[in-house]
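# sequence unavailable; structure follows:
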């Protein structure tokens, strides 16, 4: 493993926070009644350009919003998705909250961490993969669950997890098990700043576990009672 | 009456591209909005009150009543904020809803905003679900293009702007006042109540905060009527809800049913506990709801039923664990979660869970004593009810309930000199690992 500050230049490369970024920040601020509400998406935007929340990014957010750097740093350090050091091009999370842990998340974590030679919040030497033990990601019916750049990888095993990171490191195109093609960390952060990437319609509407009850209802002819076209009570305006 | 499922919110999830505006409109989407805009806002509030809809985010507060707390004569604007920060361990219903059918949420947002007089609404989606965020953003963009959002919606004279906002990783932001602080660009820390958000919420203005499933239920209530909604469920817990089964069950997944269904009935539908094993413990509504055991399989899964059994309905997040699972390990892991997610504002929560983790770690390793169990219970008393928000109360739930039902198993750990369970046996791939099970 390597210290995150020593990753190779390619992955640590940051693009400058220039006038384009300032214009994007202005665009974010315009969405809200009060400017400071823009801070969380602005920090996502900083990560999309620089890979993590850099001191330069903190300075710019403070300047643009007219608040202190300490106020920005206080926010940036509160939330786990904001990184203080560069992460991998593919940030891989393994859910080790109770249910996923019991269902195999702990075994996946142990195996993958050993296989990659990195621990929690550490990055491989090639800068491709960073690992994080993540908390419940709201996909418990697909346990054990992993995420890559915050896309779902459902029903994993130690073997499938190794194969996944091998493919990511080899530069192969990888798709979420019920979502789109996985983008890079920086691209994902740009979407979270509120700039769409055109992938919203990729992937299925719902994964298999999401529709298991609906399919059972279809098989048995169960439906909710007829809603009818009952008129609303009360007077018309 | 035989048990049947009642897909309303989940009804469109199996259709290809159900998340597009075109397909939502084909399934009569946005008709409820047209109907609602013909009526006075207060009629919509009355209708939701009459339906008896209770908040689907865990607390079960009557939705129509919450809306009616918004002052009529406020000089400040009114806001609607949708809590889409689904993070409670075990809870996994809002995420698939927004992925498969984001327009029902958007339609609910517009109707609700009209009812409460909001011209600005926010959907606060947790950040760690990228594709869900894309789908909701896309649905809002489509709604703008078709005149369902923006100025003079469908010629009604009603204006509404909706912002889709990504969180950045903090369980506490699911707590409504912490969410508001977060949405204001601050650390997500809970506020002291009162004042309640209806009076001083976002930007100290009147604000309604509702869960995704609550808001998504509104269009069907407008279409079907309050009586129709009440024809499902029971008097105090009317309507349908999504029940999320996870863990050691044959067919985990989402089952939409009238409130009041039982775990036994749901397990029958889901093919039972996985082959060769028995139910050991389960949570009715996420890790913050006290765990229950096989003796509670016939208790109605509604607000009163679960309260009567000493637990809570919560978010209907049924995490199911069989006889291979060590309850000490499960509890220790949950407390690590609460320790990690405590926002640090209140001392009992910040310090208490930190200490509890250490005690549970040594108990799990078989190095604890019976006095540790009493200490855990004493600490629970000093954490719950002594902090600003419900994270503290929820966090002690697994400790207190696991000691209540499985004290002997804790003792077995230190009598055995370690955990008597094989963790490999509890995994989904147990056989490949050559587990003893």
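Here it is on my side, so go on. Keep in mind it's a predicted model, so treat the numbers as computed, not measured. Numbering: from 1, shown residues only, chains lettered A, B, ... in the order given.

# against chain B, how distant is the residue positioned nearest the centre of chain A?
The structure's chain A has its C-alpha centroid closest to residue A:150; by C-alpha atoms, centre = their mean the separation is 2.7 Å. According to C-beta to the nearest C-beta, to the nearest Å, residue A:150 stands 4 Å off from chain B. C-betas here are computed from N, CA, C, even on glycine.

# for residue B:271, helix, strand, or coil?
coil (DSSP: H, G, I helix; E, B strand; the rest coil).

# show the contacting residues for it.
Contact partners of residue B:271, counting by C-beta atoms under 8 Å, 6 or more residues apart in numbering or on different chains, are B:249-251.

# if we go to 10 Å?
A:212, A:216, B:245, B:249-252 (C-beta atoms under 10 Å, 6 or more residues apart in numbering or on different chains).

# now the residue nearest to the centre of chain A: closest residue in space, sequence neighbours ignored.
residue B:130 (4.0 Å; C-beta to C-beta, 6 or more residues apart in numbering or on different chains).

# what are the boundaries of the strands in the chain?
By default, I'm working from chain A. For chain A, the strands defined by DSSP state E occupy A:90-95, A:122-123, A:129-134, A:146-148, A:151-153.

# that was the other one, I meant chain B.
Assigned by DSSP E, the strands in chain B fall at B:78-84, B:118-125, B:161-166, B:207-211, B:240-247, B:253-258, B:279-283, B:292-293, B:317-322.

# in JSON lines, list these along with distance to chain A.
Listed next are the strands of chain B as JSON lines, based on distance: least, C-beta to the nearest C-beta, whole Å:
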{"stretch": "strand B:78-84", "distance to chain A": "8"}
{"stretch": "strand B:118-125", "distance to chain A": "6"}
{"stretch": "strand B:161-166", "distance to chain A": "4"}
{"stretch": "strand B:207-211", "distance to chain A": "12"}
{"stretch": "strand B:240-247", "distance to chain A": "4"}
{"stretch": "strand B:253-258", "distance to chain A": "3"}
{"stretch": "strand B:279-283", "distance to chain A": "9"}
{"stretch": "strand B:292-293", "distance to chain A": "15"}
{"stretch": "strand B:317-322", "distance to chain A": "5"}
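
# okay if I get these as TSV plus distance to residue B:310?
Formatted as TSV, the strands of chain B follow (distance: least, C-beta to C-beta, whole Å):
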stretch	distance to residue B:310
strand B:78-84	26
strand B:118-125	32
strand B:161-166	37
strand B:207-211	24
strand B:240-247	20
strand B:253-258	23
strand B:279-283	13
strand B:292-293	8
strand B:317-322	16
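
# mean pLDDT and mean neighbour count for those strands - can I get that in TSV?
Output for those, formatted as TSV (pLDDT from 0 to 100; neighbours: other C-beta atoms under 10 Å in any protein chain shown):
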stretch	mean pLDDT	mean neighbour count
strand B:78-84	98	27
strand B:118-125	98	24
strand B:161-166	98	23
strand B:207-211	98	26
strand B:240-247	98	28
strand B:253-258	98	26
strand B:279-283	98	25
strand B:292-293	98	18
strand B:317-322	98	27
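
# low-confidence regions, chain A specifically.
A:1-12, A:228-237 (pLDDT under 70).

# how many other residues sit next to the closest residue to residue B:370 other than its chain neighbours?
Leaving out its chain neighbours, the residue that sits closest to residue B:370 by C-beta to C-beta, 6+ apart is residue B:411, at 6.5 Å. Residue B:411 is flanked by 15 other residues according to other C-beta atoms under 10 Å in any protein chain shown.

# please apply the same query to residue B:384.
Residue B:384 has 20 nearby residues by other C-beta under 10 Å.

# could you do residue B:276 as well?
Around residue B:276 there are 9 residues (other C-beta under 10 Å).

# go on, residue A:127?
Using other C-beta under 10 Å, residue A:127 has 23 neighbouring residues.

# residue A:114 versus that one, what's the distance?
20 Å (C-beta to C-beta, to the nearest Å).

# repeat for residue B:112
50 Å.

# more neighbours, those two?
residue B:112 (26 against 11).

# and that one, what does it touch?
Taking C-beta under 10 Å, 6+ apart, we find residue B:112 in contact with B:36, B:41, B:44-45, B:48, B:63, B:67, B:80, B:82, B:118, B:121, B:208, B:210, B:214-215, B:218-219.
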